[in-house]
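Chemist: Starting from these lines, generate the structure:
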Amino acid sequence: MRFICPVVLALSLIVVMSSSAQITSESFALPWMKAAVGSLENELVLKCGEAHRARAHRGLLQVARLWRADDGDAAAFTATVRAQFAPDQATLDTMFNRIEFLFEQLNGHMTEIGRNLRTQTDLDLGPILPFDEILSGYDPSAHLTDDLFGNKFAFTILLNFPLTTLDERLAGGDAWTRRQWAEARLTRGFGKRIPAEVSLAIAQAASEGARYISSYNIWMHHLVDAEGKRLFPPKLRLLSHWNLRDEIKASYSEGKPGLEKQRLIETVMQRIVTQTIPAVVVNNPRVDWNPVTNTVAAASVQDDGRGEKVAGEKINGSPEPDTRYRVLLEAFLASRKADPYSPATPTLIARRFDEDREIPEARVKAMLEQVLSSPLVPRIASLIAQRLGRPLEPFDIWYNGFRPRGTYTEAQLDAVVREKYPTPAAYQKDIPSLLMKLGFTREKSDYLAGHIEVDPARGSGHAMGAAMRSAQARLRTRVESSGMNYKGFNIAVHEMGHNVEQVISLNLIDHTLLAGVPNTAFTEALAFVFQGHDLELLGLASPDPQQEALKNLNDFWGAYEIAGVALVDMAVWHWMYDHPDGTPAQLKEATLRIAKDIWNKYYAPVFKTKDVVLLGVYSHMIDSFLYLPDYPIGHLIAHQIEEQMKKAGAIGPEFERMALSGCIAPDLWMKKATGSAVGADAMLEATGRALKQLEGEGSRR
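Modeler: Prediction:
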């Protein structure tokens with residue numbers, strides 16, 4: 001008999017006995033089901049022995065809960081159970097091993113097909129044709145779960161392996177074996193039956209959001225002030241919001257000209273959030289725009305290489321027609337279609353926190369508020385104002401002068417990066433060297449690099465992991481015609497962190513069903529570790545005690561900024577569920593109100609400015625369906641992880657050890673990695689020490 005720890009066994013029996021005691025004819029959708037379950041349980045126990053009663057009982061209830069009339073009558077139900085129930089441990093082991101292999105193949109090939117269908121829309125390979133957009137929104141796996149229920153294979157899994165609840169995983173998972181965790185991950189995909197047409201609608205909404213965001217560029221040379229002055233160089237095309245934010249960060253080293261740029265970018269961001277941005281300026285180098293007066297005119301200069309005449313054209317300066325909020329609302333409406341088929345988690349909000357993150361929403365909110373309300377915030381804000389020599393302005397939520405790169409101009413960093421990486425292939429070739437600088441051995445660096453393929457991204461870049469060991473992880477990075485710039489390199493290093501985690505936790509793990517990490521915040525955290533060493537990878541920085549203290553302040557300030565953004569994302573989704581018939585215009589007004597309220601509560605006391613809407617500018621709010629809370633959680637986790645790596649003296653070996661834990665419960669993963677559960681305490685303590693050190697030194701910019 002498979003070993004089950006006493007805690008889990010006791011919990012399982014409590015669940016089973018409680019369920020058994022409360023079963024009535026109303027518990028099942030079909031009138032004959034109660035009698036069939038009782039009869040089959042006795043039959044299976046008689047055949048297999050009393051030791052299998054709890055397993056048989058739980059499996060029967062799991063199948064019965066999801067069996068529908070079109071799956072068959074009582075005879076079909078009985079035949080399925082008799083044929084598919086594993087009578088002994090040896091058969092159960094054989095079944096598990098085969099299913100694990102088959103799901104690696106299914107998921108792996110579906111991932112590859114989906115990646116190929118999105119090639120033209122994801123990668124910078126020339127114009128997107130109308131049929132490309134159709135195929136990029138097609139999900140080849142949309143019917144898979146439906147098909148596996150239709151052919152009864154899903155019922156085979158539910159009959160033989162436990163479908164666990166979040167409470168069970170939190171209460172007893174720390175004593176489970178690796179096999180038990182793999183079984184829990186196997187059944188998780190069959191806890192509900194979402195029709196294929198619903199899955200396809202969700203995929204299409206996600207694809208539309210991705211297309212909208214990936215082409216939302218601002219041509220910066222065409223931003224002008226009242227005198228027609230251009231603050232930005234030709235051919236600079238910045239994607240919202242990522243590149244706009246990074247340009248603000250890069251401008252801190254440029255003095256007064258940088259401040260002018262930052263103020264202008266802030267105005268651009270406000271126009272995007274409020275949807276007062278003229279639609280014609282989005283991704284258009286043929287129009288000049290004054291964001292302050294919000295006036296547009298035909299471009300008086302050309303920097304797009306097309307050589308077209310533009311002067312004399314009449315320009316329509318009408319604002320974008322709430323497109324940003326229409327796309328978000330359509331994402332909500334598509335996601336809501338899955339609610340009736342997910343009784344345990346009947347909203348996307350619940351699915352994101354209870355299923356995807358496996359951290360309750362209330363606990364996440366408390367962690368974020370702990371950071372936002374910390375008494376460290378005004379002390380750090382005062383230090384920033386001192387270093388800047390001026391009062392803080394709203395865009396200073398992206399202050400990065402604590403980072404060593406604050407001593408380099410953007411032009412200097414761009415020059416270094418362009419020389420090293422003129423093409424994606426050049427970055428690909430250098431991956432082994434980069435990994436060795438992070439502490440991986442030569443052998444491991446070559447192995448990891450051999451499983452990563454670099455592609456030219458159409459957007460800012462992303463990582464796409466493989467789902468079977470024979471496939472490659474993909475690093476998508478943006479490389480302009482003149483070569484990779486520093487922003488692209490910084491993002492590429494982040495995405496490389498994702499890829500390394502993906503390769504380790506798939507190719508080197510004991511169970512492919514445990515591939516990955518507990519949730520997105522963890523892979524973001526591991527990627528943040530890589531990203532935080534970008535200048536060292538360029539040979540431009542070597543840490544000393546003061547730089548370590550500065551880095552801690554930078555990490556905290558980044559968590560402070562993104563925590564408010566996450567609260568906005570969460571509150572907006574609650575508003576949409578509370579107002580399911582809302583319009584894009586109403587959603588816009590609600591988002592602006594939410595962004596202002598959170599700003600006024602947590603930021604206005606520090607920045608001395610009220611009713612700022614910048615917290616609503618993040619693009620992932622539009623294209624990634626309540627993704628943003630993963631970022632601040634990721635910052636907290638990254639801090640805990642890197643502190644452990646410092647103790648161990650190297651990133652590479654510890655990174656590998658941690659990633660090999662795979663997709664288990666978040667707190668269990670973190671305890672194995674660092675000895676402590678997920679939380680903000682470690683970051684707050686380290687930030688307090690760093691702040692005390694710098695205040696004592698009377699640090700200046």
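
Chemist: Now do the contacts for residue 28.
Modeler: By C-beta atoms under 8 Å, 6 or more residues apart in numbering, residue 28 lies in contact with 34, 37, 64-65. Heads up, the C-betas are built off the backbone N, CA and C, glycines and all.

Chemist: Now the two most distant members of those residues.
Modeler: Using C-beta to C-beta, the contacts of residue 28 span at most 12.2 Å, a distance reached by 34 and 65.

Chemist: For residue 664, what are phi and psi?
Modeler: phi -110, psi -170 (degrees, to the nearest 10).

Chemist: which ones among the contacts of residue 28 are found in strands?
Modeler: Among the contacts of residue 28, no member falls in strands (DSSP state E).

Chemist: and those residues, which of them are in helices?
Modeler: 34, 37, 64-65 (DSSP state H).

Chemist: coming back round to it: take the contacts of residue 28 and lay them out in JSON lines including neighbour count and pLDDT.
Modeler: Converted to JSON lines, these look like this (neighbours: other C-beta atoms under 10 Å; pLDDT from 0 to 100):
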{"residue": "34", "neighbour count": "16", "pLDDT": "93"}
{"residue": "37", "neighbour count": "22", "pLDDT": "95"}
{"residue": "64", "neighbour count": "22", "pLDDT": "94"}
{"residue": "65", "neighbour count": "18", "pLDDT": "90"}
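
Chemist: In CSV, list the residues you listed along with distance to residue 375.
Modeler: Shown next, in CSV, are the contacts of residue 28 (distance: C-beta to C-beta, whole Å):
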residue, distance to residue 375
34, 59
37, 58
64, 54
65, 49
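
Chemist: Show me how far stretch 170-177 is from its chain's centre.
Modeler: How far stretch 170-177 lies from its chain's middle: 26 Å, per C-alpha atoms, centre = their mean, to the nearest Å.

Chemist: The nearest residue to residue 65 once chain neighbours are set aside and residue 68: what is the separation?
Modeler: Using C-beta to C-beta, 6 or more residues apart in numbering and skipping residues adjacent in sequence, the residue nearest residue 65 is residue 28, 7.9 Å away. Look at residue 28 and residue 68: by C-beta to C-beta, to the nearest Å, they are 11 Å apart.

Chemist: pretty sure residue 184 is in a helix, no?
Modeler: Yes. Assessed by DSSP: H, G, I helix; E, B strand; the rest coil, residue 184 belongs to a helix.

Chemist: Setting the sequence-adjacent residues aside, check what's closest to residue 671.
Modeler: In this structure, residue 671 finds its nearest non-sequential neighbour in residue 677, 6.2 Å apart by C-beta to C-beta, 6+ apart.

Chemist: scratch that, residue 381 is what I was asking about
Modeler: Spatial nearest neighbour of residue 381, excluding adjacent residues (C-beta to C-beta, 6+ apart): residue 606 at 4.5 Å.

Chemist: Return the member of the contacts of residue 28 nearest to residue 640.
Modeler: The shortest gap between residue 640 and any of these belongs to residue 65, at 38.1 Å (C-beta to C-beta).

Chemist: which SS state does the residue nearest to residue 671 fall under?
Modeler: Applying three-state DSSP: residue 677 is coil.

Chemist: Quick check: it touching residue 669?
Modeler: No. Between residue 677 and residue 669 no contact is recorded; they are 9.8 Å apart, counting by C-beta atoms under 8 Å.

Chemist: who's more crowded, those two?
Modeler: residue 669 (23 against 14; other C-beta atoms under 10 Å).

Chemist: Return the residues in contact with the more buried one.
Modeler: When contacts are counted by C-beta under 8 Å, 6+ apart, residue 669 touches 517-518, 522, 658, 661.

Chemist: Out of the residues you listed, who's the most crowded?
Modeler: residue 522 (29 neighbours).

Chemist: Report whether that one is found in a helix, as I expect.
Modeler: Yes. If the criterion is three-state DSSP, then residue 522 is within a helix.
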